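Undergrad: Turn this into a structure:
(4 chains)
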Protein chains: 2
Amino acid sequence: MTKHNEGPRWLNDEERRTWLAYLHASTLLEDHLDRQLQRDARMPHVYYGLLVHLSQAPRRTMRMTELARNAKITRSRLSHAVARLEKSGWVRREDCPSDKRGQNAILTDEGMEVLRRAAPGHVAAVRQAIFDRLTPEQQKSLGEIMQIIAEGLQPAEAGADLPWLR
Amino acid sequence: MTKHNEGPRWLNDEERRTWLAYLHASTLLEDHLDRQLQRDARMPHVYYGLLVHLSQAPRRTMRMTELARNAKITRSRLSHAVARLEKSGWVRREDCPSDKRGQNAILTDEGMEVLRRAAPGHVAAVRQAIFDRLTPEQQKSLGEIMQIIAEGLQPAEAGADLPWLR
DNA sequence: GCCATTTCGTTCAAGTTTCAAGAAGTTCTT
DNA sequence: AAGAACTTCTTGAAACTTGAACGAAATGGC
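TA: The predicted structure is shown next:
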């Protein structure tokens, strides 16, 4: 006699502790970085991330949708965010030549400069919160684990299972 | 001749990958849980967390400040949140008898019921995103790592280093 | 007792995010 | 080539968050 389908599988004690620790760490960290950047660069962490993405793109330019996908935010959210960043002068837009629906977001020189000034403090905060506290093995482990979790939540990139198409 | 104080210590490739993976995983996960709970229980993840905390407190009752501290959110945010949860009927307030400034937040029966109904789906989502994908060693590792990070960001609990005072 | 300081919780205003809807352009189908 | 279906991006309103300022109550000298 096997048990049928019993109710939900609750977390056991250890799992609960792990999950709680994750929740605490992630909220505290996001909070910490948000404050740090708000104080030093007058923008929230997400916006900073957008500038970073743009700074690494060729010509510091990226299509809105791609930027949204890379930064893991909705297109709507990005629209508002870029509007704000545009008002601050860190980013400007231009129409995409090849697709008239499209917009390119472009990191301005001023935006690049803001990034340059904010980056050291931000990196220091990240280092201090994470890398300075973990052994090399733990760092490696963290990377692998987060990779796995992210993959599980990723809506499966187009063609990801057809590598020869990439 | 030792190098003086050279500029900021940037992240190396591996560190960068790890940090990126963390960022992606954590945003995707928070997003995922937010949507799941918004859909199934009509409240954001943070609010659900408040109900959970209350449900575990004696008499399902907690002082506002303590709840805020446990849930890692500001008192201001909690004020708004409880106001909303009160409007929904999941939580009610009462004056604290011993301290006339104080308020107790109390999980109502209705709130408890909502929690009961939402919990299985939520746990399933967490399990599916995390525990189902990690080996036991990875789970253990994750717990330890997050514990360390959280401790580093915790504003050092009062009396934490004076355990006999607790 | 009295005054300075701290704590508790709320409120306001400003900023951010979400959701639903929609305008404009592209692609697919026949 | 027309129309349906889809993609790109924006918009507006509602929900949520933040930080500062605030009133009320408690606390700690002195």
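
Undergrad: quick check, the helix or strand where A:Gln36 lies touching DNA strand C?
TA: Secondary structure assigned from DSSP states H and E places A:Gln36 in helix A:13-41. No: against DNA strand C, helix A:13-41 shows no contacts by C-beta under 7 Å from any atom of the strand, the least distance being 8.2 Å. (C-beta placed from N, C-alpha, C; glycine too.)

Undergrad: Can you mark which positions in that helix are buried?
TA: Judged by neighbour count using 16 or more other C-beta atoms under 10 Å in any protein chain shown, the buried positions of helix A:13-41 are A:15, A:18-19, A:21-30, A:32-33, A:36-37, A:40-41.

Undergrad: And for stretch A:132-139?
TA: A:133-134, A:138-139.

Undergrad: List the ones among those that fall in helices.
TA: Applying DSSP state H to the buried residues of stretch A:132-139, the entries found in helices are A:138-139.

Undergrad: which one of the buried residues of stretch A:132-139 sits closest to DNA strand D?
TA: The closest of those to DNA strand D turns out to be A:Arg133 (C-beta to the nearest atom of the strand; 23.0 Å).

Undergrad: hang on, that closest one packs against B:Gln147?
TA: No: in this structure, A:Arg133 is not within contact of B:Gln147 by C-beta atoms under 8 Å, at 10.4 Å.

Undergrad: what about the residue lying closest to A:Arg9 once chain neighbours are set aside, distance to B:Glu14?
TA: Sequence neighbours aside, B:Arg127 is the residue nearest to A:Arg9 in space, at 6.6 Å (criterion: C-beta to C-beta, 6 or more residues apart in numbering or on different chains). From B:Arg127 across to B:Glu14, the span is 29 Å (C-beta to C-beta, to the nearest Å).

Undergrad: for A:Arg16, same thing?
TA: The gap separating A:Arg16 from B:Glu14 is 31 Å, by C-beta to C-beta.

Undergrad: residues of the helix or strand that contains A:Thr65 that come out buried?
TA: Following DSSP H and E, the helix or strand that holds A:Thr65 is helix A:64-71. Of the residues in helix A:64-71, A:64, A:67-68, A:70-71 count as buried by neighbour count, 16+ other C-beta under 10 Å.

Undergrad: could these be laid out in TSV, adding distance to B:Ala119 and pLDDT?
TA: Output for the buried residues of helix A:64-71, formatted as TSV (distance: C-beta to C-beta, whole Å; pLDDT from 0 to 100):
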residue	distance to B:Ala119	pLDDT
A:Met64	38	98
A:Leu67	36	98
A:Ala68	32	98
A:Asn70	34	97
A:Ala71	31	97
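
Undergrad: ok, and of those, which contact DNA strand D?
TA: Filtering these for neighbours of DNA strand D using C-beta under 7 Å from any atom of the strand leaves A:Met64.

Undergrad: and which of the buried residues of helix A:64-71 is nearest chain B?
TA: Checking the buried residues of helix A:64-71 against chain B by C-beta to the nearest C-beta gives A:Ala71 as the nearest, at 8.3 Å.

Undergrad: I am assuming A:Ala68 contacts A:Thr74, so please confirm or correct that.
TA: Yes: A:Ala68 lies in contact with A:Thr74 (C-beta under 8 Å); the separation is 6.5 Å.
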